[in-house]
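S.K.: I'd like to go over a predicted model; first the sequence, then the structure.
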Amino acid sequence: MSQISAKDVKDLRDTTGIGMMDCKKALEETGGDMEKAIEYLRKKGAALAAKRADKDASEGMICIRVSSDRKSGVILELNCETDFVARGEVFTGFAGALAELALQNRIASAAELLKLRMTEEMGGELVDDAIKTMTGKLGEKIELKRLVFTDASDGLVESYVHPGAQLGAIIHVATDKPDAVTGLTKDLAMQVAAAAPIEVDRSAVPEELIAKESEIYRQQALGQGKKEEFVDKIVLGRLDKYYQEVVLLEQAFIKSNNLKVSAVLDEFSKQVQTKLEVKEFVRYQLGE
């Protein structure tokens, strides 16, 4: 067996990010050949990924990247097994690299991103293989759970990530004066994260949810002894309260509970003389 120098071990560690002992073993197993050692470590990562496939990866982070012109954005959830790994620089750096790769290539789903190739600086592997390599490096199951790309050619994308990176939101606002509305759009992104709406307006709330809520309210009213002729009015009233909870435009604005979000948008639009319309949003909370 050829003599393995400390410099060779360090070079392999710098290239792969894998621990010194594992790098030394890889070089020993491959006779000191750097390229073969890298391949050895990749296979080891793939084997560990297969071994840990059934593990519960419920920790991780929400990562967001928005283009410099704020015309597009990506939000993704990357999972691991422990909070210790989730807070580490290797994991958070990898999540950021994935989000940046998805943003630059306008990738619309996690499945699509897995087929893309990482940058040379990140090893040049297919993302699917890079995740396996990362599993070998960190010793935990790593999983790209979900991803959404948002295009805002008619306005801007704004984002908010709550401290701890377990909750985040991006929002697409249509406007012809994006620079004038930045403050408000930041508030709206925070509103989405904090208040957890499910749709922009009530017309978009799925009918099955409305039917489910209506039946719950109906049964509650009947159980309270309300007469049948009054039940429909009671259900409609409670549905209004439901919409105020789950519809963004009908929620109380986080910075002024006396105003609905829709009223804030109308007032601000008049002040800056611009159209202002929330087109869509995405809210991710770790583990949902």
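M.R.: Everything's here; your move.

S.K.: so where do the helices sit in the protein?
M.R.: Using DSSP state H, the helices found in the chain span residues 6-16, 20-29, 34-51, 83-86, 89-104, 110-114, 127-138, 182-195, 207-223, 228-246, 261-272.

S.K.: Now mean neighbour count and mean pLDDT too, for those helices, in a markdown table please.
M.R.: (Each C-beta comes from the backbone N, C-alpha and C, glycine too.) As requested, those are arranged in a markdown table below (neighbours: other CB atoms under 10 Å; pLDDT from 0 to 100):
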| stretch | mean neighbour count | mean pLDDT |
| --- | --- | --- |
| helix 6-16 | 15 | 76 |
| helix 20-29 | 18 | 76 |
| helix 34-51 | 17 | 67 |
| helix 83-86 | 18 | 94 |
| helix 89-104 | 19 | 96 |
| helix 110-114 | 17 | 96 |
| helix 127-138 | 22 | 87 |
| helix 182-195 | 19 | 95 |
| helix 207-223 | 13 | 85 |
| helix 228-246 | 14 | 85 |
| helix 261-272 | 16 | 94 |
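
S.K.: nearest to residue 159, of these?
M.R.: helix 182-195 (5.6 Å; CB to CB).

S.K.: Check which helices and strands that closest one is in contact with.
M.R.: When contacts are defined as 3 or more CB pairs under 8 Å, 6 or more residues apart in numbering; DSSP states H and E, helix 182-195 packs onto strand 155-161, strand 167-175, helix 261-272, strand 276-285.

S.K.: got the ones you listed as a markdown table, with distance to residue 139 columns?
M.R.: Shown next, in a markdown table, are the helices and strands packed on helix 182-195 (distance: least, CB to CB, whole Å):
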| stretch | distance to residue 139 |
| --- | --- |
| strand 155-161 | 26 |
| strand 167-175 | 26 |
| helix 261-272 | 45 |
| strand 276-285 | 25 |
